[in-house]
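# Provided below for reference: sequence and predicted model.
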Amino acid sequence: MKVVIIGGVAGGATAAARIRRLDETAQIVVFEKSGFISYANCGLPYYIGGTINNKEALTLQTPESFYSRFRVDMRVHHEVTAINADNKTVTVTNLRTGEKFEESYDKLLISTGAKPTTPPFEGINRNNIFTLRTVEDTLKINDYINTNKPRTAVVAGGGFIGLETAENLRELGIDVTIVQGHSQLMTPFDFDIVPFIHAKLRQHGINLVLNHMVDGFEEKDGKTFVKLKNVDTISTTNAISADMVILAIGVTPDTGLAQNAGISLGMKGSIVVNERMETSLPDIYAVGDAVQIQNFITGDDTLISLAGPANKQGRIAADNICGGNSHYTGGQGSSIIKVFDLTAAATGINEHTANEAGISFDKVILSPMSHAGYYPGGKMMTLKVLFERETYRILGAQIVGYDGVDKRIDVLATAIRAGMKAYDLAELDLAYAPPYSSAKDPVNMAGFMIENIKNNIVKQWYYEDVDKLPHDGSVTLLDTRTKGEYAGSHIDGFVNIPVDELRERLDELDKTKPVYIICQSGLRSYIASRILTGNGFNTYNFAGGFRLYDAIRFEKALIEKSTPCGMDC
């Protein structure tokens, strides 16, 4: 059997190694357009910032090492220009010599990935405007920085690559502005979680220009100006001067080969595959960022450009190429990002996606410590779990914090994949020692809260309800924090009765009125809710506490006041 693989990164390299492990006699040929194989895309920004200082460390394998270990013919600087499905050949160009030739196959795997989205902006071809997708892109950016010593940079796009690049440029002492078309960065997260990410970036001197899109580039007096368009008004509002620009506004499936070969395409031109990673043409498989997959939560078609799914798909395709019967059951987008010393992670779907899918959901938001409070060094995290209202199926989770974020998101990702109910999180037997967790782990705490909702022990209200609360005396608005906390800041209309004084002051409240309660994190207000419920009151506890409310309110105020001119305009 002869297998030809187009693309030697992530899915392609994984498939090649797996095929060899399953079939010692197969002839395996991999064509990679760039000069590198099996490299870590996710590590590229950290080479720019100097955290990774050896470019060889970016590549997990070389063509030589891959051949030595797996006897796979890895041909870099070779571009496949056509797939000839009828006669089972591909047309290849050697980019070094210009030679063109035909290569036959019995089985073909397409792992062409995705390419950076680059709209036809005016002035986009300037030598200080870059994309970041390959090792060559990274080396080019690094050389430019070392040679030209830029002082300012604009990063267009607020996703994973945008934030990681912005952080690493800032670590080099470069003044950085992130331009984002949405009202928030990191759209996998809900707006009630991103204020903590935004705050960390601003704390480190990164300027955020939200609700604006890059609209082109122009040269004035030897400087590059990034022209901006306001998303709401669709009019050019200003321009930012920058010594260099990184375009990280998204990726597009690189599927021209598949389209020209007559392979069925799906959303955004991605390749349609079945659970076996088979395309619409016989003996042709596809994996990675180029393919359309199924969302594990909603069952809808989706695109997930992450290394984990690509590697899993490569393994599954390899199994089936070798006569097996492996299936890919969909992706849930589990992801994590470092933002200076902050960590943010997500798995499953967020509120926006749930609404689009027509799923009725509820949520809990809590602010637990990363480990036992009495052990030094514990730091607070904000954890959010989304679940289906009727079935209590876990839909997704988001966490932002410091220590321990990674292990909690992995527990929640596993719970989703296992089909656990949200209240089952209370029963998980998780490891505990004071330096690592609490006897009631944050994931358990989320389960306890959901269990309370299921059993009608607690009812919640949310940030989006604040402006809807009546101030005509028909409800009681209660803040159960200390007098000092209340004096520092509070929501207008809320009266302050500290939780520890509540039992002695019940006569100040009217049992005929619903009581909407808030405290700093949600714990004291929950205790107050139980006290009042036990005394005949109808209560609602604020999800996330005043800490969350204040962060969202502050962020919205900043967005309303923000201008593009965080740098020279």
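Arrived safely, thanks for sending.
# Okay, His371 and Lys384: tell me how far apart.
Separation of His371 from Lys384 (CB to CB, to the nearest Å): 20 Å. Yep, even glycine has a C-beta here, placed from its N, CA and C like the rest.
# And for Asp479?
With distances taken as CB to CB, Asp479 is found 22 Å from Lys384.
# Comparing those two, which residue is more hemmed in?
Asp479 (27 against 24; other CB atoms under 10 Å).
# what about this protein, any weak spots by pLDDT?
Along the chain, the parts satisfying pLDDT under 70 run over 232-237, 562-569.
# let's go with 90 and repeat that
Low-confidence segments of the chain, defined by pLDDT under 90, span residues 10, 35-43, 47, 50-62, 119-123, 134-135, 219-223, 229-239, 373, 558-569.
# Determine the longest helix present in it.
Using DSSP state H to define each element, the chain has its longest helix at helix 545-561.
# Report how many residues lie close to Ala286.
Count around Ala286 with other CB under 10 Å applied: 30.
# The chain should start at 46 in everything you say after this.
Right, with 46 as the first residue, what we last looked at is Ala331.
# so it makes contact with Gly311?
No. In this structure, Ala331 is not within contact of Gly311 by CB atoms under 8 Å, at 11.0 Å.
# The closest residue to Asn172 other than its chain neighbours: helix or strand, and which one exactly?
Leaving aside its sequence neighbours, Asn172 sits nearest to Tyr189 (CB to CB, 6 or more residues apart in numbering; 7.6 Å). Element membership of Tyr189, judged by DSSP states H and E, is helix 180-193.
# could you dump the longest helix of the chain to CSV, C-alpha only?
Provided in CSV are the C-alpha atoms of helix 590-606 (Å, rounded to 0.1, in the frame of the first residue of the first chain):
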residue,chain,number,x,y,z
GLY,A,590,-21.1,38.2,43.4
PHE,A,591,-20.3,41.9,43.4
ARG,A,592,-16.7,41.2,42.4
LEU,A,593,-18.0,39.9,39.0
TYR,A,594,-20.6,42.7,38.8
ASP,A,595,-18.0,45.3,39.3
ALA,A,596,-15.6,43.8,36.8
ILE,A,597,-18.2,43.7,34.1
ARG,A,598,-19.5,47.2,34.9
PHE,A,599,-15.9,48.6,34.8
GLU,A,600,-15.2,46.9,31.5
LYS,A,601,-18.3,48.2,29.9
ALA,A,602,-17.4,51.7,31.0
LEU,A,603,-13.9,51.4,29.5
ILE,A,604,-15.3,50.2,26.2
GLU,A,605,-17.7,53.1,26.0
LYS,A,606,-14.9,55.6,26.6
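# does the spatially closest residue to Arg438 that is not a sequence neighbour count as helix, strand or coil?
Once flanking residues are discounted, Arg438 sits nearest to Phe432: 6.4 Å by CB to CB, 6+ apart. For Phe432, the secondary-structure state derived from DSSP: H, G, I helix; E, B strand; the rest coil is strand.
# any idea which residue of this structure is furthest from its center?
Ranked by distance from the centre of the chain (CA atoms, centre = their mean), the top residue is Asp552, with 48.9 Å.
# And that one, how far from Tyr585?
Asp552 is 21 Å from Tyr585, by CB to CB.
# for Asn370, same thing?
51 Å.
# Name the residue in the two with the higher neighbour count.
Legend: neighbour count by other CB under 10 Å for Asn370 and Tyr585, higher for Tyr585 (21 against 9).
# Kindly state the beta-bridge partners for the residue nearest to the more buried one when sequence neighbours are not counted.
With CB to CB, 6+ apart as the criterion, Tyr585 has its nearest non-adjacent residue at 4.4 Å, and that residue is Trp506. Trp506 has these beta-bridge partners by DSSP bridges: Phe587.
# Quick check on the closest residue in space to Glu323 that isn't next to it in sequence: phi, psi?
Distances taken as CB to CB, 6+ apart place Tyr330 nearest to Glu323, at 5.7 Å, with adjacent residues excluded. Dihedral pair for Tyr330: phi -110, psi 160, per degrees, to the nearest 10.
# so Tyr330 touches Leu153, yeah?
Yes. When contacts are counted by CB under 8 Å, Tyr330 is listed as touching Leu153 (7.0 Å).
# Return the distance of stretch 362-375 from the chain's centre.
Taking CA atoms, centre = their mean, to the nearest Å, one finds stretch 362-375 lying 27 Å from the centre of the chain it belongs to.
# buried sites along it?
Buried residues in stretch 362-375, counted by 16 or more other CB atoms under 10 Å: Ala362, Ala363, Asp364, Asn365, Ile366, Cys367, Ser371, Tyr373, Gly375.
# In those residues, find the pair that's most separated.
Spanning the widest gap among these are Cys367 and Gly375, at 22.7 Å by CB to CB.
# Now His243. Its backbone dihedrals?
phi -60, psi -50.
# residue contacts, it?
By CB atoms under 8 Å, 6 or more residues apart in numbering, His243 lies in contact with Gln229, Leu230, Leu253, Glu600, Leu603.
# repeat that for 10 Å
203, 223, 229-231, 251, 253, 255, 384, 596, 599-600, 603-604 (CB atoms under 10 Å, 6 or more residues apart in numbering).
# cool, Thr584 as well?
The contact partners of Thr584, by CB under 10 Å, 6+ apart, come to 503-504, 506, 521, 523, 559-562, 570-571, 573-578.
# same thing but at 8 Å, please
Shown in contact with Thr584 (CB under 8 Å, 6+ apart): Lys504, Pro559, Val560, Tyr561, Ile562, Ala573, Ser574, Leu577, Thr578.
# Show me which of those is closest to Lys513.
Tyr561 (10.5 Å).
# hang on, that closest one in a strand?
Yes. Under three-state DSSP, Tyr561 sits within a strand.
# That one contacts Thr525, doesn't it?
No. Distance between Tyr561 and Thr525: 11.2 Å, which falls outside the contact criterion (CB under 8 Å).
# higher neighbour count, the two?
Remark: of Tyr561 and Thr525, Thr525 carries more neighbours, 30 against 25, as counted by other CB under 10 Å.
# Surely the more buried one and Pro543 touch.
Yes. Counting by CB under 8 Å, Pro543 is a contact partner of Thr525 at 6.2 Å.
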